[in-house]
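Chemist: please find the sequence and the predicted model below.
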Amino acid sequence: MTTEAKTSISQKAGVPEFAKVPPSATEWMKAIRIRDGIPDVTTTVEKPVIDYHSAQVLIKVKAAGVNPVDWKIARGDYSPLQPASDFTGYDVCGEVEAVGDQVTRFKKGDAVFGDIAPRAGTYAEYCVADDRNLDFKPKNLTFVEAAAVPLAALTAYQGLIHTAHLKSGDKVLVLGGAGGVGHFAVQIAKAFGADVWATASESHRSLICEELECSHFIDYKTQNLAAAVQGQKFDIVFDSVGAKEARDQAFSLLRPHVGHLVTTQPVDPSDRPSYLKLLGAAMDYVWKKTESVLWRDVNYHAFITDATQGAQDLPTIRGFIEDGKLRPRIQEVLPLEKAAVAWQHSQTLHTGGKIVLEVEQTEKQA
Ligand SMILES: NC(=O)c1ccc[n+]([C@@H]2O[C@H](COP(=O)([O-])OP(=O)(O)OC[C@H]3O[C@@H](n4cnc5c(N)ncnc54)[C@H](OP(=O)(O)O)[C@@H]3O)[C@@H](O)[C@H]2O)c1
């Protein structure tokens, strides 16, 4: 490939400031490029370089987790608030290649994982993250397994613990218990000693009941939610779906005044016709900035994950994983070059657990 055919990742709008310090000798890496909202090209771009005067970490990517937000941003769902960029991916697990001079926790060769937002670019051989987003890879997970954890587990953890103040003995209902976020929410709530109920489709009954050992399963396709819970009142409903009907019912299933309804998806996607897209995105933003409101007698939280809290929250999540209380469930592993296929599968929004892109094949276990 000629130099002209190669592109500097640092020159692309919306991509964080890779290559602040220009490489002394130009090095190149493979990365997935987004075109027309889909990852259609594996291209060769300039390898990112950290700013040695900052808290940045350069990571040699082993695996990148796939999340709905990757393709939602790429297809413009959050534009103009969060415009699409040429490069994508937030979840990463890999090895530290270099650190800035303010980084004291990590050194070259450490295995790390994290959600690098608001940066992007983990669908690549190298990425840059702030050290506040990162933690050490759990010892008992492979790189692929650990890449499945950060964004979804942080969402479940921050939503349940920081936002809804989950405590032992609480009764928790997880809407969408089989998905990337939901399967972590079920496990985290159980790890904190909650009595957990979960909705999913019949095809995910064994995932919920056997793999996650959750004893209360509700098939949302055939059962009426209010009837299925048989008069139970919940302390927390954790909604990872955004389906209007279930969420509307959830209000009346919560304990009045003290119950918490936490949703990761405040606007039902099916409620958003394209000509209202812009307005919908603005509403999303306003809702997600709204910390909490008392609405219809419960504490309502339109919640957004804070990946920059990773250094604080991921160690607890790692502890649960290393203690055997939490485990990512991997539906599918694909090579980096198959990112478009991974997105097609993720776009069904019927994933059982997580989809992961393997960037560098490795036998290395913890
Ligand atoms: N606010 C934030 O900061 C934040 C953070 C993370 C994710 N999110 C959003 O949260 C949503 C979930 O993310 P994810 O990574 O968990 O997605 P995912 O892995 O695709 O999981 C979606 C799950 O939803 C279930 N589902 C679909 N329709 C359902 C319904 N009507 N009732 C109950 N369950 C239903 C599916 O289960 P079945 O296959 O069994 O139907 C599937 O397991 C996405 O929209 C994502 O963008 C927001």
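Modeler: Looks like it arrived, so ask away.

Chemist: could you use CA atoms for every contact and neighbour count after this?
Modeler: OK.

Chemist: any stretches of the stretch 201-350 of the chain with poor pLDDT?
Modeler: 267-296 (pLDDT under 70).

Chemist: name the residues of the stretch 51-200 of the chain found near the ligand, please.
Modeler: Applying Cα under 6 Å from any ligand atom, we find that the stretch 51-200 of the chain lies next to the ligand at 67-69, 152, 155, 175-176, 178-182, 199-200.

Chemist: and the protein, what are its domains?
Modeler: Listed by automatic domain parsing, the domain ranges of the chain are 9-149+328-358, 152-306.

Chemist: returning to that earlier point: show me the two of the residues of the stretch 51-200 of the chain next to the ligand that sit farthest apart.
Modeler: 69 and 199 (21.9 Å; Cα to Cα).

Chemist: who's more crowded, these two?
Modeler: Taking other Cα atoms under 10 Å, residue 69 and residue 199 do not tie; residue 199 has more neighbours (25 against 15).

Chemist: is it true that the more buried one touches residue 174?
Modeler: Yes. If you go by Cα atoms under 8 Å, residue 199 and residue 174 touch, sitting 6.4 Å apart.

Chemist: for the stretch 201-350 of the chain, which residues are neighbours of the ligand?
Modeler: So the stretch 201-350 of the chain meets the ligand at 201, 204, 220, 240-241, 243, 264-265, 303-305, 346, 349-350 (Cα under 6 Å from any ligand atom).

Chemist: which one of those residues sits closest to residue 193?
Modeler: Closest approach to residue 193 among those (Cα to Cα): residue 240, at 20.4 Å.

Chemist: picking that back up, out of the residues of the stretch 201-350 of the chain next to the ligand, which are buried?
Modeler: Those of these that meet the buried threshold are 201, 204, 220, 240-241, 243, 264-265, 303-305, 346, 350, by 16 or more other Cα atoms under 10 Å.

Chemist: can you redo those as TSV, where the extra columns are secondary structure and distance to residue 229?
Modeler: Listed next are these as TSV, based on DSSP: H, G, I helix; E, B strand; the rest coil; distance: Cα to Cα, whole Å:
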residue	secondary structure	distance to residue 229
201	coil	16
204	helix	18
220	coil	12
240	coil	18
241	coil	18
243	coil	18
264	coil	22
265	coil	22
303	coil	25
304	coil	28
305	coil	28
346	helix	29
350	coil	23
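
Chemist: go through the residues you listed and name the one nearest residue 90.
Modeler: residue 305 (12.2 Å).

Chemist: that closest one contacts residue 158, doesn't it?
Modeler: Yes. In this structure, residue 305 is within contact of residue 158 by Cα under 8 Å, at 7.0 Å.

Chemist: quick one: secondary structure of the nearest residue to residue 76 once chain neighbours are set aside?
Modeler: Leaving aside its chain neighbours, residue 76 sits nearest to residue 84 (5.8 Å; criterion: Cα to Cα, 6 or more residues apart in numbering). Assigned with DSSP: H, G, I helix; E, B strand; the rest coil, residue 84 falls in the coil class.

Chemist: isn't residue 84 right up against residue 75?
Modeler: Yes. With contact defined as Cα under 8 Å, residue 84 reaches residue 75; the gap is 7.0 Å.

Chemist: got any residues that touch both of these two?
Modeler: residue 37 (Cα atoms under 8 Å, 6 or more residues apart in numbering).

Chemist: between these two, tell me which one has more neighbours.
Modeler: residue 84 (25 against 18).

Chemist: ok, that one - contacts?
Modeler: Contacts of residue 84 (Cα under 8 Å, 6+ apart): 14, 37, 73, 74, 75, 76.
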